[in-house]
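Colleague: Take this sequence and fold it.
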Amino acid sequence: MWRGPDSSPACGVPSWVGLSRTGVGDLQAVSLKAYAKINLALDVLRRREDGYHEIRSVVQTISLADDLRLILKDSPEIQLVCTGDVPRDERNLAYRAARLLQEETQIPKGVRIELEKTIPVGAGLGGGSADAAAVVKGLNDLWELGLSEREMLRICARLGSDVPFCLLGGTALMQGRGEVVEPLPRLGELWLVLVRPRVQVSTAQVYRAWSQFPPGQPMVDRMLEAIRLRTPMAIAQSLGNMLEPVASCLFPEVAQVKWFLGNHTLGAVMSGSGPTVFGIVESEEEARDLEERIKSHPWDVFVVRTV
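Modeller: Numbering: from 1, shown residues only. Just a heads-up that it's a prediction; the model follows:
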């Protein structure tokens, strides 16, 4: 288990971070994939004095990914170019990850970050956090910093609650505000259909409204038992998210997607604070068939698998 800064040794190997190198001799560039995550189960426990919420969540990386290319600059300049409607300055977590790493290590080098977005923004899939974790991992190699996994995790925890998990990847239990990460046995391959209604969901708005709703049924312990059984049906029957009733009330489109997927998959649930809902199916063929049926709706759809 990794408990954030100044705690126990890190565990797990970030092998999920796909990385390739270019250049002869000194490393000049690295290419990485930054994988999205889903919440298989999410319990919200209480609001903390620091304003964050105490959570327990079983999380899983999936094959949906952004592509990053980090190119070495001899000057300290940090440059971010990217596709999609996302900020290209300090408001972007990938940019902030490079700046924080530069400040922490006092290295006089810079980087050009080329980011090709595939993970939808504001979808509850951790795209920004995944990009930040990939930048930390890639710059550790490109700038030849020699940081240990534990040191990278400490820096990731300063960037955001989901970033440490995104560095480790796989299947894990997140606790605290999300920075306490305990790797779990990997699920094996599961096929999923992700559906994102075209609404903008504010994470802060969903969490603020959470306190006004009756306490939901905790599902994390049940999911942990299902992972031990390693069957798609057990996992599908243990999906749960205490934020889903809140988001469904604020954004009825979430409830519509949940109803649809709930009737066409083994089980479905919203990821994170929404609005994306995913369903578990038995095969890629079944997932592709469902994808075709969903295309007639005003939703974005992705067929993915666990990684």
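
Colleague: show me where the stretch 101-250 of the chain has strands.
Modeller: With DSSP state E, counting those that start in this stretch, the ranges of strands along the stretch 101-250 of the chain come out as 110-116, 171-176, 180-183, 191-197, 240-241.

Colleague: could these be laid out in a markdown table, adding distance to Gln212?
Modeller: Backbone N, C-alpha and C define where each C-beta goes, glycine included. Listed next are those as a markdown table, based on distance: least, C-beta to C-beta, whole Å:
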| stretch | distance to Gln212 |
| --- | --- |
| strand 110-116 | 37 |
| strand 171-176 | 23 |
| strand 180-183 | 27 |
| strand 191-197 | 22 |
| strand 240-241 | 17 |
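
Colleague: how about these, which one is nearest Phe302?
Modeller: Of all those, strand 191-197 sits nearest to Phe302, with 4.3 Å by C-beta to C-beta.

Colleague: I'd like the mean pLDDT over that closest one, please.
Modeller: Averaging pLDDT along strand 191-197 yields 97.

Colleague: For the closest residue to Pro298 other than its chain neighbours, which residues are in contact?
Modeller: Excluding the flanking residues, the one nearest Pro298 by C-beta to C-beta, 6 or more residues apart in numbering is Arg198, at 6.3 Å. Counting by C-beta atoms under 8 Å, 6 or more residues apart in numbering, Arg198 makes contact with Glu253, Pro298, Trp299, Asp300.

Colleague: before we move on, what about Pro218?
Modeller: Pro218 touches Asp43, Arg56, Gly240, Met242, counting by C-beta under 8 Å, 6+ apart.

Colleague: how about a markdown table for those, with pLDDT and neighbour count added?
Modeller: Converted to a markdown table, those look like this (pLDDT from 0 to 100; neighbours: other C-beta atoms under 10 Å):
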| residue | pLDDT | neighbour count |
| --- | --- | --- |
| Asp43 | 95 | 22 |
| Arg56 | 96 | 22 |
| Gly240 | 96 | 22 |
| Met242 | 95 | 22 |
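
Colleague: give me the low-pLDDT residue ranges for the stretch 51-200 of the chain?
Modeller: Within the stretch 51-200 of the chain, not a single segment meets pLDDT under 70.

Colleague: Among the contacts of Arg198, name the least confidently predicted one.
Modeller: Pro298 (92).

Colleague: hmm, back to that, any idea which of the contacts of Pro218 is closest to Asn263?
Modeller: With C-beta to C-beta as the yardstick, the closest approach to Asn263 among these comes from Gly240, at 17.9 Å.

Colleague: what's the neighbour count on the closest residue to the closest one other than its chain neighbours?
Modeller: In this structure, Gly240 finds its nearest non-sequential neighbour in Met219, 2.8 Å apart by C-beta to C-beta, 6+ apart. Neighbours of Met219 under the rule other C-beta atoms under 10 Å: 22.

Colleague: list the contacts for Met219?
Modeller: Counted by C-beta under 8 Å, 6+ apart, Met219 has contacts Ala41, Leu42, Asp43, Ser238, Leu239, Gly240, Asn241.

Colleague: And the second one, how far from Gln60?
Modeller: Pointing back at Leu42 there. According to C-beta to C-beta, to the nearest Å, Leu42 stands 12 Å off from Gln60.

Colleague: Looking at the two, which one has more neighbours?
Modeller: For Leu42 versus Gln60, neighbours defined as other C-beta under 10 Å are more numerous around Leu42 (29 against 26).

Colleague: Confirm for me that that one is in contact with Ile55.
Modeller: Yes. Taking C-beta atoms under 8 Å as the definition, Leu42 is a contact partner of Ile55 at 6.5 Å.

Colleague: Next one: the residue lying closest to Val269 once chain neighbours are set aside from Ile227, what distance?
Modeller: Residue nearest to Val269 in three dimensions, not counting chain neighbours: Leu239, with 3.8 Å by C-beta to C-beta, 6+ apart. Using C-beta to C-beta, Leu239 is found at 12 Å from Ile227.

Colleague: Repeat that for Gly176.
Modeller: 20 Å.

Colleague: before we move on, back to that, among the contacts of Met219, find me the one that's closest to Arg305.
Modeller: Looking across the contacts of Met219 and measuring by C-beta to C-beta, the closest to Arg305 is Leu239, at 16.5 Å.

Colleague: And that closest one, how close does it get to Asp50?
Modeller: From Leu239 to Asp50 the distance is 29 Å (C-beta to C-beta).
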